Structure formats: structure tokens, C-alpha cells
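1. This is the structure alone, sequence omitted:
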Ligand code: KG4
Ligand code: ZN
């Protein structure tokens, strides 16, 4: 089954053709980073306008790269949410139009289900598994007993981890998107700053607004005192604390739920400190770890096409009354 999938929830216009949820035939990702960089973050109105300009070109490009015609596509999939509503609507309208014209099923996919299924493109998922979801908008621990069955066991009470990365990067004057640049800086420094371990309790919930504020206050105080900041060391201390709490709670969940498969999902799964820590811990604890390919950690349509196949098998197709949702629980 060949699915043409569309992702446009934030600032990437992406189209991919995926066969049977596992074989990637072609993927095109058109990023708007250079445009939003000028403003230090994504400007929603500019993002939706750029999606409109790009969408048909990206669809054509994906078909061309796959060397197939649109008549060979068996279904159309789209990220229905969560995300920026104006951006989501562009992908949604394109997918609905194609499903209508070619009279093929329309498959709505939750963006986070997509991030999780980016791992299925590396290796077929094995169940039960726990997924640590770490992106710009989400930080969650999700238990899956089988395909397309999601049980949230914990999540952030405030900021998502990627959001905290981007805000800390901004205070350190790193250009948008700051997460990857902060990660790089962290490797050049030492853990010298005394930052708190965020929400170190018995629950599976997370909180990153405290550590973000701690970094912002520390930088302001040092500037007021006329002292300089060692950016590398501050990045290293921040990254260590974040990775420490994410790994501590994830390893605890694996033990408590007696699960030996772990996958990491979302933009922050590209973080090198996080990857290194989990590789080490999983080796020591006999946990099978899967992480997405770096190019599919951040937003892309390949992950949506992979998830869509299992959504389809689960009967989750939709008619043309489908709407985009800015917020929606993964279920
Ligand atoms: O999954 P994603 O592309 O978008 C959302 O669904 O939110 O994630 C984007 C987030 C951004 O906050 C970005 O700074 C962060 O992922 N990110 C990273 C790294 N690469 C991307 N954060 C830390 N280290 C990285 N290497
Ligand atoms: Zn995402």
C-alpha cells in the first residue's frame, strides 16, 4: 500500500511516499528556517503563507523523486494536529482535495504518532514499548502495547523540553532554532553551574519552566554584576540536568511497567547528549533502544506516512468533514 503523506504543522512543508508503513520511497522537506530566523522564531502567519506557496511544488517533487504517478497512490495521509492552525489547514486542504479527486482513503495522523513511527522506518516496532516523546511542543512518556495504541503515563506540566532549549539558547544569543546549537555548545563545556534537577519526584511528569527561569535569572544576575558567562559551561550544565531527569524517569517507567523496548521520538531525539546517555543506560539495563535517523527526528512527512499505514489498519480513515486541530491528545 503506497501512502502519500503531507506534514505542514509548523515551519516545514513536507511530502513523502511510504509503502506499507516501513519502506520509504521518497521524501521532500522544504524548510522555512531561513525566513523565520530573521524573527528569532516561527511567525505563524508567514508560515501558513509559505506552506501555500510550497505545497503543490513539494507534492510534485515527491512524486517525481519516487518516479511514480499519482494514480499509483493508494491513500492520502495528513497531519491533522496538533500544531499551528493556519499551517495545518494548508496540508489538510491539499490532502482532502487529492483524496476527493482520486477517490482514495483520507487518513488523519496525530503529529506525535508520526514522531513515534519515525522509529518504524529504522526498525519494525516491537511491543510492548515505551516512547519518550521530546519535541518543541511535547514532552511525554507513552506506553504502547500494540500498533497505534497510545497510553500516556506522564507529561510536562509546563514547557516542553525543546521549548526550554530554544529559550535558553536565545538568552545565550544563539540563532533560531537554538536547540541544536545549544547541544553543540554543551559538548565544548564542563558542568560547572549549580542548576536544579527539574521536578525530581516519584511521578512521570516533567517541568522545564523552572530550570529555564533559573538559567535566565543567572544570566541576568551575572550581567548586572558585570561578570561574564561561560556559555559552553552553562550549556553543558543545562543539558546534563535535562538529560538526567529525562533518563531517570524513563528508566524508572521501563522497570515499573516491565518493558524492555524503548524508542525516543521528536526533535530533541536528535540531541547528542540524550542519545549518548540512553545508549549507555540501555546497554547496562538490557533495554532495546531505537532512535530515529537524525534527518527524521525533526518534522517530516516520512514519519506521517509510516504512522498512517497503522492508523489505516486500525480503521482510522476519515471523510471530507475532517478538521485540523491546534491541540489534541494522542489517543
Ligand atoms: O519535533 P520538532 O521538529 O517540532 C515539534 O513537533 O515541536 O522539534 C523541534 C524542537 C525544537 O525545539 C528544536 O530546538 C529541538 O527540537 N531540537 C533540539 C535538537 N535538535 C532539534 N534540541 C536539542 N538538541 C538538539 N540536537
Ligand atoms: Zn514535531
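-> Received it, and whenever you're ready, just let me know what you need. Not measured: the values here are computed from a predicted model. Numbers count the residues shown, from 1 in each chain. Ligands and ions are numbered 1, 2, ... in the order given.

2. all contacts plus neighbour counts: C-alpha atoms, from now on.
-> OK.

3. Around ligand 1, which positions in the chain sit nearby?
-> Applying C-alpha under 6 Å from any ligand atom, we find that the chain lies next to ligand 1 at 135-137, 162-163, 165-166, 177-180, 183, 266-268, 270-271, 298-299.

4. how much space between residue 142 and residue 49?
-> 34 Å (C-alpha to C-alpha, to the nearest Å).

5. Which one's more surrounded, these two?
-> residue 142 (22 against 13; other C-alpha atoms under 10 Å).

6. Give me the buried positions along the one helix or strand residue 242 maps to.
-> Using DSSP states H and E, residue 242 sits in helix 231-256. Neighbour-count burial for helix 231-256 flags 231-247, 249-251, 253-254 (criterion: 16 or more other C-alpha atoms under 10 Å).

7. ditto for stretch 323-331
-> Of the residues in stretch 323-331, 324, 325, 326, 330 count as buried by neighbour count, 16+ other C-alpha under 10 Å.

8. Thought residue 81 was touching the third one, still the case?
-> So the one you mean is residue 326. Yes: assessed by C-alpha atoms under 8 Å, residue 326 is found in contact with residue 81 at 5.6 Å.

9. what sits in contact with each of those two?
-> residue 88 (C-alpha atoms under 8 Å, 6 or more residues apart in numbering).

10. quick one, phi psi at the closest residue to residue 300 other than its chain neighbours?
-> Excluding the flanking residues, the one nearest residue 300 by C-alpha to C-alpha, 6 or more residues apart in numbering is residue 14, at 5.5 Å. The phi and psi values for residue 14, taken as degrees, to the nearest 10, are phi -140, psi 140.

11. Same question for the one 3 residues further on.
-> Backbone dihedrals for residue 17, given as degrees, to the nearest 10, come out at phi -120, psi 120.

12. Report the beta-bridge partner residues of it.
-> residue 4, residue 26 (DSSP bridges).

13. how close does it sit to residue 277?
-> Distance of residue 17 to residue 277, computed by C-alpha to C-alpha: 33 Å.

14. element containing residue 142, please.
-> Assigned by DSSP H and E, residue 142 falls within strand 139-144.

15. Show me what the very next helix or strand once past that strand is packed up against.
-> The helix or strand immediately downstream of strand 139-144 is strand 151-155, counting by DSSP H and E. Here strand 151-155 touches strand 139-144, going by 3 or more C-alpha pairs under 8 Å, 6 or more residues apart in numbering; DSSP states H and E.

16. Right, I'll leave it there.
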